[in-house]
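Participant: quick one, what's the 3D model for this:
(one chain, ligands or ions: 1)
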Amino acid sequence: MRIIRTIAEVRDVVREAKHRGTSVGLVPTMGALHEGHLSLVRRAREQNDLVVVSLFVNPTQFGANEDLGAYPRDEARDACLAEAEGVDILFAPPVDEIYPDGFATTIHVAGVTEVLDGASRGTHHFDGVATVVTKLFGIVRPDVAYFGQKDAQQVLVVRRVVRDLDLDVRIEACPIVREADGLAMSSRNVYLDVAAREQATALNRALDAASARHRAGEREGEQILEAARAVLDDAGIHPDYLELRDAETLAPVARVEGDALLAVAARVGAARLIDNHILRGDA
Ligand code: PAF
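Facilitator: Alright, predicted model coming up:
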């Protein structure tokens, strides 16, 4: 595995590989790799000749009061994990390689960025994501890029960018990977102390309760949300949001008829966590 720090070098390597007809898969990450990331890497490895993992803690997607400074960083560990999965290139640029002096462009997606995490954290979060992901696509020019479904709204934002800007890349969303007790894997889980770690299991239990009510035939959004709310209340969790939205457009859903995204975000101990289930229209 090569660790590359400059745009020019990663471009050269990928360009040369593409001349030989090589397919390229990109897994964009902010490091602190866990099984969720590794599942994306494995998928990329299955489907592509050349696998590039980017490791870049993107400052523009963090708000002023968020955890940019504290975000877990351990490049040596990430490099070992990536190498063990057969990654070919770890692209780990410094901040000024991605955002040199005078950098002045922001990709802003309207609509799907304005609700859920966009309302709770601010749309600047998705501006930062859309901008850095568009740059990574321009730098690496992957055939396929892999994202985790845990960040369901991020997936929709990236798909919107690709569609609207006619970018020649296929976006593959991979299933959420969970701990044995159901907690969705996240780099931010390291912020949880023992009590918060236990409390955090209520997020998926709440989504499970709501999904079960939907599977039992309930279609009224409020009734479905109520099942989740009861579990969160019981665990003493006051969510930033707990909402049902159309799985494609993120329009609010009062009655679940088609596929719906049931999404939750909450501060648990020192971590702000997100999780979601898709309620299938045909369930
Ligand atoms: O999901 C993440 O880790 C980040 O938002 C991403 C896609 C790597 C962009 O910085």
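
Participant: all strands of the stretch 1-150 of the chain, in order?
Facilitator: Taking DSSP state E, counting those that start in this stretch, the strands of the stretch 1-150 of the chain run over residues 2-4, 24-29, 50-55, 89-91, 144-148.

Participant: name the helices or strands packed onto the fourth one?
Facilitator: Applying 3 or more Cβ pairs under 8 Å, 6 or more residues apart in numbering; DSSP states H and E, we find strand 89-91 packed against strand 2-4, helix 7-19, strand 50-55, helix 75-84. From N, CA and C alone the C-beta is placed, and that goes for glycine too.

Participant: want to try TSV for the ones you listed, with mean pLDDT as columns?
Facilitator: Putting the helices and strands packed on strand 89-91 into TSV (pLDDT from 0 to 100) gives the following:
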stretch	mean pLDDT
strand 2-4	98
helix 7-19	98
strand 50-55	98
helix 75-84	98
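
Participant: tell me which of those sits nearest to the ligand.
Facilitator: Closest approach to the ligand among the helices and strands packed on strand 89-91 is made by strand 50-55 (6.9 Å; Cβ to the nearest ligand atom).

Participant: hmm, back to that, could the strands of the stretch 1-150 of the chain go into a markdown table alongside mean neighbour count?
Facilitator: As requested, the strands of the stretch 1-150 of the chain are arranged in a markdown table below (neighbours: other Cβ atoms under 10 Å):
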| stretch | mean neighbour count |
| --- | --- |
| strand 2-4 | 15 |
| strand 24-29 | 26 |
| strand 50-55 | 26 |
| strand 89-91 | 24 |
| strand 144-148 | 22 |
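
Participant: export the ones you listed to CSV and tack on distance to the ligand?
Facilitator: Listed next are the strands of the stretch 1-150 of the chain as CSV, based on distance: least, Cβ to the nearest ligand atom, whole Å:
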stretch, distance to the ligand
strand 2-4, 16
strand 24-29, 4
strand 50-55, 7
strand 89-91, 11
strand 144-148, 6
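
Participant: JSON lines for these, including distance to Leu136?
Facilitator: Converted to JSON lines, those look like this (distance: least, Cβ to Cβ, whole Å):
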{"stretch": "strand 2-4", "distance to Leu136": "13"}
{"stretch": "strand 24-29", "distance to Leu136": "5"}
{"stretch": "strand 50-55", "distance to Leu136": "5"}
{"stretch": "strand 89-91", "distance to Leu136": "8"}
{"stretch": "strand 144-148", "distance to Leu136": "8"}
